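> What follows is a predicted structure for the sequence shown.
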Amino acid sequence: MPNAFAYAMLLIWPLVALWLFKKLPRAEALIWTLVAGYLLLPSRVDINLPVLPPLNKSNSPAFAALAMCLAGVGVAIVKQRRKGARGAKAAPAPDAPPAMVRPGWLPASMTGKLLFIAVVLGPFITVILNRDRIGFAYGGFIKGLQPYDAFAGVMNHAVLLLPMLLARKYLVTAQDHRLILRILVVAGVAYSVPMLIEVRLSPQLHTWIYGFFQHQFAQTYRFGGFRPFVFLEHGLRVALFAAMVFLAAVALWRTAPQNNRRRALLAALWLGVMLVMCRSVGVLVLSALIAPMILILGRRTQVLVAALIALFVIFYPATRGSGLVTAPSIMAVVQKVIPSKAGSLGLRLLNEDRLLDHASKRSMFGWGGWGRSRVYDDFSGEDISTTDGAWAIIIGEYGWVGYVGTFGILALPIFGLFRLRGDPGLTLETSALALILSLNLLDLLPNSGLTLITWLLAGSLMGRAEQIAAERDARLTQRRASRGAENVAETSPVTAPGRGGGGGGPAKARVAPQQASRYPSPTDAPPKRRPPGGRTRR
């Protein structure tokens, strides 16, 4: 059972956000509010609020950041401390780039708006189609959904997308993306301290500080040692975070100035060691494949690889449901590559088939909440399903509409950057973030690691793609306007001075370029045509 300090942390996080926004620029404070809240707040602790969704570690940082951004706290503050001026207030740096804000709160494209509507309003239709109850042979049943569930579902999904909307609006420049990489690396290095404690002493920090363990302790021991949980829901979440910060350190190592490359290399090596200590084979293999791409490939190729991964993730459930990719075929490949994962993967694939078969009965909008999407024994009512992958959970609860909306809006920024891959505004920092997001999307197939940081990355990439497209359109408009002005100047009349250098003479039409090349001087002009009769008119 959570102690009082666990509830207090959720309630005082807006004060932490206020302190961050007063001390740091808005972009930096926004990233730290979301990332630190995700890493430090207690897991599986909810505070029920009237009207609003329950307050927990997923939405408390987002609510706090939204309040600070709407209040304008920290907008004009740029961190600039000089020697001998410790007590002086921070002043805007003269060479600091101005903060850039995207207009509006929703995605700019019509596709993005439709996907947003599918995610937010889809649960409302799900509730309408699931008013019936599910009965069992022994007499038990699962109740049908009520109108309150529709309102709660809409609110929960709107809050779920809030970190993405904040990042899409306020983290849109190349400097912001480099800032995201740097903060992830700093947070990863700092988080490695409690991770090492739990690797040595077993996962105990959540119990010591918040009064309870957040998961099953039997899942903490893997490959001859403990894997850290710290304050996240599972050790797999910690491993995913370790993989993301390791790739961020690799990206900083490649793009860092010469005087900072050694420090970036040390950070990458250390975070790589911590990733191995997380004892998660899946993200370790994926990180080993993606890290060389960040080091070697150009930004265009990186975005291409990220787009291919996103495309594979989106179509994976369709291939599984249609029978094109079967569980035995996947098992055969895994048995050859990673034999140790064959057993657990086989169990997951078996449950995926069960869940897909159950979800196919209400494929468009799903079964809704309260466990209706799970598989039960018809006679005893016992839950016989195990849900691991985020895609299977979303399809079961909200159908294909919810799945396409959720995964589509996560992959949309990557596709937008792929369309703009030839633009000079696309930097290596942005393409590296696209690859890190694609790693997270791949991890959503076997696991449920849809976290606050996932939405942060997706929103920042969406805002950057929209900003690059807007800057490109502005350049094209300016180029067309300049060309139009040149054409008008070439064909417009000009005033020439009169003979003798006096006042303005009569206006002469400007000679077209073709005529100017044919008659280079006035003396070479063609002779006047004589009228019929041989006399020249006077």
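Arrived safely, thanks for sending.

> how near is Ser287 to Phe246?
Plainly put, Ser287 is 6 Å away from Phe246 if you go by Cβ to Cβ, to the nearest Å. All C-beta spots, glycine's among them, are computed from the backbone N, C-alpha and C.

> Quick check: which element contains Gly282?
Here Gly282, judged by DSSP states H and E, is contained in helix 281-296.

> Please identify the buried residues of that helix?
Within helix 281-296, the residues that qualify as buried by neighbour count (16 or more other Cβ atoms under 10 Å) are Gly282, Val283, Leu284, Leu286, Ser287, Ile290, Ala291, Met293, Ile294.

> Name the nearest residue to the first one, sequence neighbours excluded.
Which is Gly282. Spatial nearest neighbour of Gly282, chain neighbours left out: Pro446 (6.2 Å); criterion: Cβ to Cβ, 6 or more residues apart in numbering.

> just checking, the one you found is part of a helix?
No - Pro446 is assigned coil when assessed by DSSP: H, G, I helix; E, B strand; the rest coil, not a helix.

> Which pLDDT value goes with it?
Pro446 carries a pLDDT value of 85.

> ok, the buried residues of helix 281-296 vs Gly140, which is closest?
Gly282 (36.8 Å; Cβ to Cβ).

> returning to what we had before: check the offset of the helix holding Gly282 from the chain's centre.
Mean C-alpha position of helix 281-296 versus that of the full chain (Cα atoms, centre = their mean, to the nearest Å) differs by 19 Å.

> Touching it from outside, list them.
Helix 281-296 is contacted from outside by 236, 239-240, 242-243, 246-247, 250-251, 253-254, 275-276, 278, 301-302, 305, 338, 340-341, 432, 435-436, 438-439, 442-443, 446-447, using Cβ atoms under 8 Å, 6 or more residues apart in numbering.

> Mind doing that once more with 6 Å?
The set of residues external to helix 281-296 that reach it, using Cβ atoms under 6 Å, 6 or more residues apart in numbering, is 239-240, 243, 246, 250-251, 254, 305, 341, 432, 435, 439, 442.

> and what of stretch 464-480?
Stretch 464-480 has contacts (Cβ under 6 Å, 6+ apart) with Ala108, Val172, Pro413, Gly416, Leu417, Leu420, Asp423, Gly425, Thr430.

> can you redo these as a markdown table with pLDDT and secondary structure?
Shown next, in a markdown table, are these (pLDDT from 0 to 100; DSSP: H, G, I helix; E, B strand; the rest coil):
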| residue | pLDDT | secondary structure |
| --- | --- | --- |
| Ala108 | 92 | coil |
| Val172 | 94 | coil |
| Pro413 | 97 | helix |
| Gly416 | 95 | helix |
| Leu417 | 96 | helix |
| Leu420 | 94 | coil |
| Asp423 | 92 | coil |
| Gly425 | 91 | coil |
| Thr430 | 96 | helix |
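
> Can you pull the domain assignment for the chain?
1-79, 104-475 (automatic domain parsing).

> Redo those domains as CSV? Include distance to Ala485.
Shown next, in CSV, are the domains of the chain (distance: least, Cβ to Cβ, whole Å):
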stretch, distance to Ala485
domain 1-79, 37
domain 104-475, 16
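
> Could you export the helix holding Gly282 as CSV, CA atoms only?
The C-alpha trace of helix 281-296 is given here as CSV (Å, rounded to 0.1, in the frame of the first residue of the first chain):
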residue,chain,number,x,y,z
VAL,A,281,17.7,-9.2,-24.6
GLY,A,282,15.2,-7.5,-26.8
VAL,A,283,16.1,-3.9,-26.4
LEU,A,284,19.8,-4.9,-26.2
VAL,A,285,19.7,-6.5,-29.7
LEU,A,286,17.7,-3.6,-31.1
SER,A,287,20.1,-1.0,-29.7
ALA,A,288,23.1,-2.9,-31.1
LEU,A,289,21.5,-2.7,-34.5
ILE,A,290,20.4,1.0,-34.4
ALA,A,291,23.6,2.4,-32.7
PRO,A,292,25.8,1.8,-35.8
MET,A,293,23.1,3.5,-38.0
ILE,A,294,23.3,6.6,-35.8
LEU,A,295,27.1,6.6,-36.0
ILE,A,296,27.6,5.9,-39.7
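
> Okay, buried residues for the helix or strand following it please.
Per DSSP H and E, the first helix or strand lying C-terminal to helix 281-296 is helix 299-322. Using 16+ other Cβ under 10 Å as the test for burial, helix 299-322 gives 299, 302-307, 309-310, 313-314, 316-317, 320-321.

> quick check: mean pLDDT across stretch 25-42?
Average pLDDT, stretch 25-42: 96.

> And for that stretch, what's in contact with it?
In contact with stretch 25-42 (Cβ under 6 Å, 6+ apart) are residues 6, 9, 13, 17, 20-21, 57, 61, 64-65, 74-75, 78, 99, 163, 170-171, 176, 180, 183, 187, 191, 210, 231, 452-453, 456.

> Next, the contact list for the residue nearest the centre of the chain, please.
Closest residue to the average C-alpha location of the chain: Ala458 at 1.1 Å, with Cα atoms, centre = their mean. Listed by Cβ under 6 Å, 6+ apart, the contact partners of Ala458 are Met164, Leu410, Pro413.

> This completes my enquiry, with thanks.
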